[in-house]
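>>> What follows is a predicted protein model with its sequence.
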Amino acid sequence: LIIQCYWRGYVARKRTWGIRQSLFEKQQREEMAAANLAQKKEKQRKFEVERRINPRTVRDFELLYNELETWRQRETARVERSAELTAEEKRAELTEVLAKETKALQTIDRLKVAASKEGRAKRTARMMELMAMPKEWELGDGELQSVHTPFTTRARELMELYNGLATPLLAVDERLDV
């Protein structure tokens, strides 16, 4: 009876410890999943904010234009619904809304010009890199061989010259050396 009593106690403690361990592991997994979800949401929020602050793609600009239009409609509706305002006050409010919208459109257009210049520079750099890359020829045994042709060599030289001249903050003498 005594051995049986100790054995049952041991088995019960072991089973209880296993249940505690599984509950602890389940809680850890849930906390980790919640932390990952929060981190993912924060990353998405930062991406959306960055997208609005520094738009680069057509979709980013569409988003800005749509948000501006939604804001304008909301403000116009708010002014029109306002019963306390006289006709002249409403006109003044609508003029203010128009001025804010105009300023926002100018800002968006400035961002669009900057994004266009950056995109053009990236496309130019990428095109020069592609032209300067060695040609890949397949050998008889299926192996690829890189071959520098006179055209790719010249393209590499011109790319280096372009990059040297495009480097900002160069003195006149340094530019002449390039």
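On my side now, so go ahead.

>>> center of this structure - which residue?
In the chain, the centroid-proximal residue (CA atoms, centre = their mean) is residue 47; its distance is 4.8 Å.

>>> so where does that residue fall, helix or strand?
Taking DSSP states H and E as the definition, one finds residue 47 inside helix 2-53.

>>> so what secondary structure elements neighbour that helix?
On a contact count with 3 or more CB pairs under 8 Å, 6 or more residues apart in numbering; DSSP states H and E, helix 2-53 meets helix 58-81. The way it works is simple: take the backbone N, C-alpha and C, and place the C-beta from them, glycine included.

>>> Can you spell out which helices and strands pack onto the helix or strand following the helix it packs on?
Later in the chain than helix 58-81, the nearest helix or strand by DSSP H and E is helix 87-132. Helix 87-132 sits against helix 58-81, helix 150-166, with contacts defined as 3+ CB pairs under 8 Å, 6+ apart.

>>> wait, which of those helices is closest to residue 19?
Closest to residue 19 of the helices and strands packed on helix 87-132 is helix 58-81 (CB to CB; 50.6 Å).

>>> who touches the closest one?
51-52, 55, 85, 90, 93-94, 97, 101, 104-105, 108, 111-112, 115 (CB atoms under 8 Å, 6 or more residues apart in numbering).

>>> mind running it again at 7 Å?
Residues from elsewhere that reach helix 58-81 (CB atoms under 7 Å, 6 or more residues apart in numbering): 51-52, 55, 90, 93-94, 97, 101, 104, 108, 112.

>>> quick one, it and helix 87-132 angle?
For helix 58-81 against helix 87-132, the angle by axes from the mean of the first three to the mean of the last three CA atoms, to 10 degrees is 180 degrees.

>>> Quick one: distance of helix 58-81 to the chain centre.
Put simply, helix 58-81 sits 23 Å off its chain's centre (CA atoms, centre = their mean, to the nearest Å).

>>> Just the C-alpha atoms of that helix, please, in CSV.
Output of helix 58-81 as CSV, limited to C-alpha atoms (Å, rounded to 0.1, in the frame of the first residue of the first chain):
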residue,chain,number,x,y,z
VAL,A,58,2.1,55.6,-59.4
ARG,A,59,0.0,53.7,-56.8
ASP,A,60,1.5,55.9,-54.1
PHE,A,61,0.5,59.1,-55.9
GLU,A,62,-3.0,57.6,-56.6
LEU,A,63,-3.4,57.0,-52.9
LEU,A,64,-2.4,60.6,-52.1
TYR,A,65,-4.8,62.1,-54.7
ASN,A,66,-7.6,59.9,-53.5
GLU,A,67,-7.0,60.8,-49.8
LEU,A,68,-6.9,64.5,-50.8
GLU,A,69,-10.2,64.2,-52.7
THR,A,70,-11.8,62.4,-49.8
TRP,A,71,-10.6,65.1,-47.4
ARG,A,72,-11.9,67.9,-49.7
GLN,A,73,-15.3,66.3,-50.0
ARG,A,74,-15.5,65.8,-46.2
GLU,A,75,-14.5,69.4,-45.5
THR,A,76,-16.9,70.8,-48.2
ALA,A,77,-19.8,68.7,-46.7
ARG,A,78,-18.9,69.9,-43.2
VAL,A,79,-19.0,73.6,-44.3
GLU,A,80,-22.2,73.1,-46.3
ARG,A,81,-23.9,71.3,-43.3
